[in-house]
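Pasted the sequence and its predicted model underneath.
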Amino acid sequence: MKRVFLIVLDSVGIGEMPDAAEFGDRGSNTLQAVSVSKYFSMPNMGKLGLFHIDGAEAAKSQESPLGTFARMAEASKGKDTTIGHWEIAGVISPQPLPTYPHGFPEEVMREFSQKTGRGVLCNKPYSGTEVIKDFGEAHMQSGDLIVYTSADSVFQVAAHEEVVPVDELYGYCRIAREMLAGKHGVGRVIARPFEGTPGEFRRTVRRHDFSLTPPKITMLDQLAAHGKEVLGVGKIYDIFAGKGVTDFVRTSGNADGIDKTLAYMEREFEGLCFVNLVDFDMLYGHRNDVEGYAKALTYFDRRLPEILHKMKEEDILMITADHGCDPSTPSTDHSREYTPLVMYGKKVPAGLNLGTRKTFADIGATVLRYFGIKPEIDGETLLEEF
């Protein structure tokens, strides 16, 4: 019974791509930036081959790698979570998703306000923690929704849980998701509930993402169509708008995501377990917290042996990322970087360097080929090189 465990370390880029300057990301290298911290330690990923990847010079390793490894280039025109995951699953996006550096157009906000029956505050790019600090009290007094965006293609709606119940906030986000199509088709509408009192506001774990539906068939669709299970851990279900996912669990952070992945490893199934570990990006990359990022990577590495211990004869582990988010630069946004790919399993050759791949989509094509399914997606299989 074949199983693939595909883990996305959200935002763990390994160096600027040739076109990084076009995205304002010249010099970005997330892994290198974090590796200077005294809290950084990834010996287990090093054993699998992470530091043998072309350009991944965060640490030197003299050991012979146990896995196959590659540097992945993003072929899509973007650097956000949605486009990155879609490309991993075989969809290359030739056009970037729309962003709103000056806020959303007046006609969009007017329609949103009319359909929700509530006023709107902010409507500009903002930090998620700062926006509730600056607009939270006004929101509580007026009941108006806090709408903001970022450098990513997102429409975010924040509301205090005592003012707008979470289910009601989700309903408003569904209204926005239905509205935001075509030229205003942002990648994600995100519900951002928070709690607390003025000066002590804090976001809760009940965030929920409402994504665009992928425009083409994905690896997930093909697996499900061939009777394979597709298990989503974290925000995978949201990123793909549920399309092709046969079962899923949401998570409260990296520790919970690893726990739930280990629980799925105890389950008898044939197919894919697709995991997103978001803390690297959400808690540390966007907040320029080098030390926190380093601790999070060290924590993942420390728990990696638990995952390896539960692998069965036919299992393959693939560890990658969806973009960068260098916490050492002035920017708090994602960065246009190469991503790592480390593959391990009894069916995977040791010490094979696949060089630099042209697209993340090679991952999806490889997963399908492992299950004997002819890929109908973008990308080329890596298995032919074994």
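Ah, there it is.

Do you have the strands of the chain handy? List them.
3-9, 68-72, 120-125, 145-149, 154-160, 188-195, 202-203, 208-211, 229-233, 247-249, 271-277, 315-320, 339-344, 353-357 (DSSP state E).

Which of these comes out lowest on mean pLDDT?
Mean pLDDT values for the strands of the chain show the minimum at strand 208-211, a mean of 91.

Just list what that strand packs against, helices and strands only.
helix 166-179, strand 188-195, helix 236-239 (3 or more CB pairs under 8 Å, 6 or more residues apart in numbering; DSSP states H and E). No exception for glycine: its C-beta is placed from N, CA and C like everyone else's.

next one: the helix or strand of the chain with the lowest mean pLDDT to chain centre, how far?
When the helices and strands of the chain are compared on mean pLDDT, DSSP states H and E, strand 208-211 comes out lowest with a mean of 91. Relative to the mean C-alpha coordinate of its chain, strand 208-211 is positioned 12 Å out (CA atoms, centre = their mean, to the nearest Å).

Parallel or antiparallel, which strands does it pair with?
Next to strand 208-211 in the sheet, as set by DSSP bridges, lie strand 188-195 (antiparallel).

just the CA coordinates of the partner strand, formatted as PDB?
Below are the C-alpha coordinates for strand 188-195, written out as PDB (Å, rounded to 0.1, in the frame of the first residue of the first chain):
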ATOM      1  CA  ARG A 188      -7.700  34.200  -0.500                       C
ATOM      2  CA  VAL A 189     -10.400  35.900   1.600                       C
ATOM      3  CA  ILE A 190      -9.400  35.400   5.200                       C
ATOM      4  CA  ALA A 191     -11.500  35.600   8.400                       C
ATOM      5  CA  ARG A 192      -9.400  37.000  11.200                       C
ATOM      6  CA  PRO A 193     -11.300  36.800  14.500                       C
ATOM      7  CA  PHE A 194      -9.800  38.300  17.600                       C
ATOM      8  CA  GLU A 195     -10.600  38.800  21.300                       C
END
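
Direction-wise, compare that strand with helix 166-179 and give the angle.
160 degrees (axes from the mean of the first three to the mean of the last three CA atoms, to 10 degrees).

How far does stretch 114-123 stretch from one end to the other?
16 Å (CA to CA, to the nearest Å).

quick thing: my sequence starts at 24, can you match it?
Done: numbering now begins at 24, and the last item shifts to stretch 137-146.

and that stretch, which residues are buried?
Across stretch 137-146, burial judged by 16 or more other CB atoms under 10 Å covers 139, 141, 143-146.

and if you look at stretch 328-343?
For stretch 328-343, burial by neighbour count (16+ other CB under 10 Å) applies to 330, 334, 338-343.

returning to what we had before: between the strands of the chain, which one is closest to Gly78.
strand 91-95 (6.0 Å; CB to CB).

Send over the closest one as PDB, restricted to the C-alpha atoms.
Only the C-alpha atoms of strand 91-95 are listed here, as PDB (Å, rounded to 0.1, in the frame of the first residue of the first chain):
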ATOM      1  CA  THR A  91      17.300  12.600  -2.900                       C
ATOM      2  CA  PHE A  92      17.200  16.300  -3.000                       C
ATOM      3  CA  ALA A  93      16.700  19.300  -5.400                       C
ATOM      4  CA  ARG A  94      16.400  23.000  -5.700                       C
ATOM      5  CA  MET A  95      12.900  24.000  -6.900                       C
END
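
Give me the contacts around that strand.
By CB atoms under 8 Å, 6 or more residues apart in numbering, the residues outside strand 91-95 that reach it are 37, 71-73, 75-79, 343, 361-367, 371-380, 382-383, 385-386, 405, 409.

go with 7 Å
Contacts to strand 91-95, defined as CB atoms under 7 Å, 6 or more residues apart in numbering, come from residues 37, 72-73, 75-78, 343, 361-366, 371-372, 375-380, 383.
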